[in-house]
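Enquirer: I'd like to go over a predicted model; first the sequence, then the structure.
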Amino acid sequence: MEMTVYNPQKGRLETIDPEITDENTTWFENYRKDQDIYMITDFKGGVIIKELGYGYPVWIYDATRSEIGHSQKKAKKLRDQYV
């Protein structure tokens with residue numbers, strides 16, 4: 001599924017084509033606001049962090065779901081470091 005993501009390492013938007021499956025993605029059900037994280041996906045040695053709202057997902061290199069413990073809170077902190 002092709003998607004546009006924000007790449008903070010390059011400071012720009014990019015179009016990527018990640019495969020989103022149960023094996024490489026964690027979905028969260030406890031979200032209320034647009035800024036809450038609802039999905040994290042491993043992709044090419046990095047992680048894609050998607051908020052509930054209309055903002056672009058963020059693709060962060062050198063991080064994985066397992067490194068952040070598949071945690072919604074840790075994903076938010078990681079995203080906040082880069083955005």
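Expert: That came in fine, so what should we check first?

Enquirer: how far away is residue 72 from residue 10?
Expert: Residue 72 sits 26 Å away from residue 10, going by Cβ to Cβ, to the nearest Å. To be clear about C-beta, it is placed using only N, CA and C from the backbone, and glycine gets the same treatment.

Enquirer: compare these two (neighbour count), which wins?
Expert: residue 72 (21 against 10; other Cβ atoms under 10 Å).

Enquirer: who's in contact with that one?
Expert: Applying Cβ atoms under 8 Å, 6 or more residues apart in numbering to residue 72 gives the contacts 28, 30-31, 36-37, 40.

Enquirer: can we see that at 7 Å?
Expert: 28, 37 (Cβ atoms under 7 Å, 6 or more residues apart in numbering).

Enquirer: now it: phi and psi?
Expert: Backbone torsions of residue 72, given as degrees, to the nearest 10, read phi -70, psi -40.

Enquirer: from residue 49, how far out is it?
Expert: 10 Å.

Enquirer: what do those two both touch?
Expert: Contacts common to residue 72 and residue 49, judged by Cβ under 7 Å, 6+ apart, are residue 37.

Enquirer: residue contacts, the most centrally placed residue in the chain?
Expert: Nearest residue to the geometric centre of the chain (Cα atoms, centre = their mean): residue 49, 1.0 Å. Contacts for residue 49 (Cβ under 7 Å, 6+ apart) come out as 37, 40, 57-58, 60, 75, 78-79.
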